[in-house]
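Trainee: What follows is a predicted structure for the sequence shown.
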Amino acid sequence: MNRRTRLTLLTPVVVGSLALGSTAFAQAPSAPAPAAVPAATCSLSGVLPDGTVNVSGGGFLPGPAFLESSTGIGAGFSMSPDGTFTIAKQKKDATYSIRQGSTVTQCSGDGTTTTTGTTLKAGIVAGWDAVRANCAATPPASANQQFSQGWNKGAAVAKEAFC
C-alpha cells in the first residue's frame, strides 16, 4: 500500500477516534467535590472571678483530642459528637492549643482581657477566616456568646468581600 492511500484510509479513523474519545471524556460524570471541612476554632474566655479562663471551641472532628498548654501541662479529652468542647478553669497566663492527630489548632485570646475584648476579637477573626475559605461556612457551636457574636460579624464582612 502506498503512502497516499494509507493516509487517506487512516486519517478518518484517527480523527474519529480522537473525536469520540474527547466526547466520552466530556460526558463522563464528574466526581462530586469533597465537602469542605469546617474550620476548627478555639478561644479563651476572659478572666473569670476566680482568676481562671475557660477554653472552648468548635468545628473539630468527634473523638479523642488533647489540650496542650505553654505551661507544659496537657490533658486528653474526648471531643463531643458535634465537634465542640469547653474545658473550664485553666490557668490564665498560658497559651493553649488543641491537637487531634497531626492537626494542631491554636486557641486565640490570651486570658488577660475581658471577655468582650479578646473573645469577641477571636470570633471575628475565626468567622472571617472560615468564610474566606468557604462561603458556605457555618459558625461552630460555642458556649461563649461573645465568640459567637464575633464569628457572625467577621463572617458577614467576609461574605461581602469574597462571596
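Mentor: Right, received. Where do you want to start? If you're wondering where the values come from, they're calculated on a predicted model, not measured in any experiment.

Trainee: Could I get the full set of strands for the chain?
Mentor: With DSSP state E as the criterion, the chain has strands at 41-44, 52-58, 63-69, 75-79, 85-91, 96-100, 103-106.

Trainee: Figure out which of those strands is closest to residue 155.
Mentor: Closest approach to residue 155 among the strands of the chain (C-beta to C-beta): strand 41-44, 11.5 Å. For the C-beta atoms, the positions are set from N, CA and C on the backbone; glycine is no exception.

Trainee: Could you report the neighbour count for the closest residue to residue 82 other than its chain neighbours?
Mentor: Take residue 82 and drop its neighbours on the chain: the residue closest to it by C-beta to C-beta, 6 or more residues apart in numbering is residue 141, 5.9 Å away. By the measure other C-beta atoms under 10 Å, the count of residues near residue 141 is 16.

Trainee: show me what contacts residue 141?
Mentor: 58, 82, 83, 84 (C-beta atoms under 8 Å, 6 or more residues apart in numbering).
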